[in-house]
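Enquirer: Compute the structure for the input listed below.
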Amino acid sequence: MSLMSDAPAPAASDHAVPVRLVLGAVSLTLLFASLGQTIVSPALPTIVAELGGLDHITWAITAYLLASTVGAPISGKLGDLYGRKVVLQGAILIFLVGAALCGLAGTMGMLIAGRAVQGGAAGAIIVLSMAVVADVLPPRERGRAQGLLGAAFGVSTVIGPLLGGFLVEALSWHWIFLVNVPVGIVAFAVLAAALKRPPAGGRKSIDYLGAALLAAFLAAAVLLSNFGGTVLPWTGPGAWALAALVAVSLIGFVLVEKRAEEPVLPLSLFRVNAFLVVNAMGFLVGVALFSTVTFIPLFLQTAKALSPTASGLFLLPMMGGLILSSALAGQVMTRTGRYRWMPIASTALLAVSLLGMSRVGADTPLWLIALALAGVGTGLGPVFSIGVAAIQNAVPMHMLGVGTASANMFRLIGGSLGTALFGALFSAGLARRLDGVLPAGTEGGLGSMSPAVVAGLPPDIQHRVIEGISASLHPLFAIAAVGAAIACLVGTRLKETPLATTLPGRG
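Expert: Next up, the predicted model:
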């Protein structure tokens, strides 16, 4: 049976809606949301050179990821309670507000605030797009559909850096945010035609306290990983206060969720094998994905003197591997009904590829870097497409939204903490290696190590700076490789559940 058939299928609203139209709508919506993340990477060196220093580079990413992490489970729950359509449309409008804030930003603070608004909305869009698939397709066919959404995510990650690099060079970095506005309007209109709003129900209970405690836990954890050991000494009162907030908010969250009428993240899900295993793997590979996307353009622009557009092109092999492996994994899952072995094999490849990235230096041929990045992408794809389908197959239908949200949430937690931690490690390593290297009077010091500044240094100092940047990146990829190897071992604990060929009833 073809996934893209025009035969009517039951939708979330119990209206007959062509599957092709529904999948097309959510794919476009997912493309729109993920484009807002990926378009920024090649422009980061230019943005931080204009609005701030190198020490701010991770916050343009971290604010987005942190807000996405918090927005994912909350929106997943709201989708379960009120229907996917109304929450999706609201998220698109909020995303556009955030894009406008970023596009008009004149300070790093305003940019970070806009990225946070964008991120919260993007978390909702991505999660609900994936949940709609489970509303209209039986478990056996979801692997192929999730592969399609994974391909849409991959396409955006290819288009985003290219478009971002082009806009930075042809216009200005402000346009990498403003370009989201027409895309968002189109996504909103297509979604309005594809999905029907479910009939109004009774009064719903929302777990506000649980959501607040979850947000506090995630924010404190990211701040601690970003500032601990650098801005805040590990033995100082600031670090201890953040550590205490992490512990208190986590304990409070667990206690609240046990008693909540409609918990934002039901604790019963942690007894589901697929939920536990897939999300543990997602957390670990999230570190690998976002650390690679964040730091590879920086390395290529400084160490290899590539333009923002050219550095964006070097993410093509990574995203090509992700698109291909995600789509193929979904096809295999749909045709055979088997899926357990694919995330195990792919994370093994991911570990090897990241280990290769940990040896990259200024003298490494560009083709070898591209090959390693292709391996990274191929290793990531099956974890995303198979993981979501496996969770959807294991959780009750009335927890479908929050179950789907968990896959995105844990991956983004890994991305948030990994990007913040790696940013701190990179800054500390660079400061240690370049202590006393820069000539006196270098404007901005280490915080101004943009590609233009590096290119303007005397040749001998420039060589030492590039070596310092390369050496500071090596531990980051080595740590990510260890995380991928652990994810591979965790994947061996996944229990394969038979995939039904009919759409289950709601319960």
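
Enquirer: Poorly predicted segments of the stretch 101-250 of the chain, please.
Expert: The model of the stretch 101-250 of the chain has pLDDT under 70 over residues 151, 153-154, 157-158, 196-204, 226-231.

Enquirer: and the protein, what are its domains?
Expert: With domains defined by automatic domain parsing, the chain comprises 8-196+262-491, 207-261.

Enquirer: Now do the longest one: distance to the chain's middle.
Expert: Centre-to-centre, domain 8-196+262-491 and its host chain are 3 Å apart (CA atoms, centre = their mean, to the nearest Å).

Enquirer: you'd agree Arg411 is in a strand?
Expert: No - the assignment for Arg411, made by DSSP: H, G, I helix; E, B strand; the rest coil, is helix rather than a strand.

Enquirer: what's it in contact with, if anything?
Expert: By CB atoms under 8 Å, 6 or more residues apart in numbering, the residues touching Arg411 are 282-283, 285-286, 289, 384. In short, each C-beta sits where N, CA and C put it, glycine included.

Enquirer: which ones are touching the most centrally placed residue in the chain?
Expert: Centrality entry for the chain: nearest residue to the mean C-alpha point is Leu412, 5.1 Å, by CA atoms, centre = their mean. Residues near Leu412 by CB under 8 Å, 6+ apart: 65, 68-69, 72, 123, 286.

Enquirer: Now intersect those residues with the helices, please.
Expert: When the contacts of Leu412 are checked against helices (DSSP state H), the matches are 65, 68-69, 72, 123, 286.

Enquirer: Next one: Val190 relative to Gly184, how far apart?
Expert: 11 Å (CB to CB, to the nearest Å).

Enquirer: repeat for Asp80
Expert: In this view, Asp80 and Gly184 are 24 Å apart by CB to CB.

Enquirer: contacting residues around stretch 340-354?
Expert: Residues lying outside stretch 340-354 but in contact with it, judged by CB under 8 Å, 6+ apart, are 278, 281, 284-285, 288, 292, 325, 329, 332-333, 372-376, 378-383, 386-387, 477-478, 480-482, 484-485, 487-488, 491-492, 494-496.

Enquirer: Can you show me the CA trace of that stretch as CSV?
Expert: Written as CSV, here are the backbone C-alpha positions of stretch 340-354 (Å, rounded to 0.1, in the frame of the first residue of the first chain):
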residue,chain,number,x,y,z
ARG,A,340,15.5,-2.7,16.3
TRP,A,341,18.8,-3.3,14.5
MET,A,342,18.9,0.0,12.5
PRO,A,343,19.5,2.5,15.4
ILE,A,344,22.2,0.2,16.8
ALA,A,345,24.1,0.0,13.5
SER,A,346,23.7,3.7,12.7
THR,A,347,25.0,4.9,16.1
ALA,A,348,28.0,2.6,15.7
LEU,A,349,28.7,4.4,12.4
LEU,A,350,28.1,7.8,14.1
ALA,A,351,30.7,7.0,16.8
VAL,A,352,33.4,6.1,14.2
SER,A,353,32.6,9.2,12.1
LEU,A,354,32.8,11.5,15.1
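
Enquirer: buried set for it?
Expert: Across stretch 340-354, burial judged by 16 or more other CB atoms under 10 Å covers 340, 342-344, 346-354.

Enquirer: Run through the stretch 301-450 of the chain and note the low-pLDDT ranges.
Expert: Ranges of the stretch 301-450 of the chain meeting pLDDT under 70: 308-309, 312, 416, 436-450.

Enquirer: that older thread, now tabulate the domains of the chain in JSON lines and tack on distance to Ala500.
Expert: Shown next, in JSON lines, are the domains of the chain (distance: least, CB to CB, whole Å):
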{"stretch": "domain 8-196+262-491", "distance to Ala500": "5"}
{"stretch": "domain 207-261", "distance to Ala500": "29"}
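
Enquirer: Give me whichever of those domains is most buried.
Expert: domain 8-196+262-491 (a mean of 22; mean count of other CB atoms under 10 Å).

Enquirer: thought Leu269 was touching Val395?
Expert: Yes - here Leu269 lies in contact with Val395, judged by CB atoms under 8 Å, at a distance of 6.5 Å.

Enquirer: which residues are common contacts for these two?
Expert: 275, 403.

Enquirer: and which of the contacts of Arg411 is nearest to Ala194?
Expert: In terms of CB to CB, no member of the contacts of Arg411 lies closer to Ala194 than Phe384, at 22.8 Å.
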